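Asks: need coordinates for the following:
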Amino acid sequence: MFAISRTVLAVEPANEANCVAVADDHERLVCYDAFARRHATKLTEKPLKQLGAPRPPEATLSGGPLTSLSARWELERETKQGTWLIRPYEPMFILPARYSDNPNDLPQSPSRPAPFAVPLKNTEIEFQLSMKVKAAENLFGSHADLWFAYTQQSHWQAYNSKKVTTPLGKLSTSSLFRETDYNPQMFVTFPTHYDLAGLTGRFINVGLWHQSNGNGDPASRSWNRVFALFGFERGDFALYVRPWIRLPEPSSDDDNHDIVHYEGYGDVTGIYQWGRQEFSLLGRLNGGHYGLQGTWAFPIGGRLRGYVKATSGYSETLIDYNWRQNTVGVGVLLVDWL
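Replies: Alright, predicted model coming up:
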């Protein structure tokens, strides 16, 4: 019996089924120890993957593949990382050179007309921070998790040294932060598994979404939404479908009552990984008001990757929600989509 159990361990990798079949108490304990060590190694590798480091293909304890969405959203029991640990959410990047063919010198909304124009440079710096933290997991007797997320996108006129004369006197635009959008969210992630048009539905997020730029009148912009995010994947391709509904607010407090005419009622993002390169395309369409964003991430040395981001249409930022422009930026990517 002792010899047979050693043969089983030598031929087959340690897992729960094999360990149960070992009759000898000592050998069964050795099997469980080997299984625990192998499982712990997998869990320690996952944060590196979330930060963009390469990771070899793995399998879940149930025998299915451990996919990018599994690791990113902790959809299975073995991918859970616990609560109150900061994880990546949307991409984090720095673009030292972001060019616009039509800068918005006079940002206005129907309820907040601007009194004068501020001359802007076509080229500025753009960067984005984005993270999420899990507040509770395994809700409702399932693998559902409660998350809080925060994304901040800033546009810095670092190369601008102009001055302008206004009714308020001479105003310097030297290196001003033209726009910073603040985007806190709260949502619950429900793991799913169904097939739709050749894709596998992996999760649904349902939650609340606030977005504002923190400015005073007349440059103040803000709105609140209820949203759902449907995550699909197939191989190296992932698809996010995100519909939303704007929450009403008093007209006296509404900075941009026509924003849904430009932002629409949802967006769709496709993401494709090819080795260490990643491509994404985000699109919104609402009548004649569209918004497109494409990105390309590529390795440039070690874990550092270059990043190209291009946009066309409306709503690239909150202050520009009703302004049409084309932009392209080049820089480095710190955290990717997947």
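Asks: distance check, residue 26 against residue 19.
Replies: Distance from residue 26 to residue 19, counting by C-beta to C-beta, to the nearest Å: 12 Å. C-beta coordinates here come from the backbone N, C-alpha and C atoms, glycine included.
Asks: the more surrounded of the two?
Replies: More crowded of residue 26 and residue 19, by other C-beta atoms under 10 Å: residue 19, with 20 against 10.
Asks: wasn't the more buried one part of a helix?
Replies: Yes: applying DSSP: H, G, I helix; E, B strand; the rest coil, one finds residue 19 inside a helix.
Asks: quick check: it touching residue 28?
Replies: Yes: the pair residue 19 / residue 28 is scored as a contact, 5.9 Å apart, by C-beta atoms under 8 Å.
Asks: residue contacts, residue 208?
Replies: Taking C-beta atoms under 8 Å, 6 or more residues apart in numbering, we find residue 208 in contact with 185, 186, 187, 224, 225, 226, 227.
Asks: element containing the second one, please.
Replies: To tie it back to what came earlier, the one meant is residue 186. Per DSSP states H and E, residue 186 falls inside strand 177-196.
Asks: buried ones in that strand, by neighbour count?
Replies: Using 16 or more other C-beta atoms under 10 Å as the test for burial, strand 177-196 gives 178, 179, 180, 181, 182, 183, 185, 187, 188, 189, 190, 191.
Asks: quick one: strands adjacent to that strand?
Replies: Strand 177-196 pairs in its sheet with strand 144-156 (antiparallel), strand 199-212 (antiparallel), by DSSP bridges.
Asks: will you turn those strands into JSON lines that also has mean pLDDT and distance to residue 260?
Replies: Formatted as JSON lines, the strands paired with strand 177-196 follow (pLDDT from 0 to 100; distance: least, C-beta to C-beta, whole Å):
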{"stretch": "strand 144-156", "mean pLDDT": "98", "distance to residue 260": "20"}
{"stretch": "strand 199-212", "mean pLDDT": "98", "distance to residue 260": "13"}
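Asks: any chance of JSON lines for the ones you listed, columns distance to residue 278?
Replies: Listed next are the strands paired with strand 177-196 as JSON lines, based on distance: least, C-beta to C-beta, whole Å:
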{"stretch": "strand 144-156", "distance to residue 278": "18"}
{"stretch": "strand 199-212", "distance to residue 278": "18"}
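Asks: so which of those is nearest residue 246?
Replies: Checking the strands paired with strand 177-196 against residue 246 by C-beta to C-beta gives strand 199-212 as the closest, at 9.8 Å.
Asks: if anything else comes up later, I'll come back, but that's it for now.
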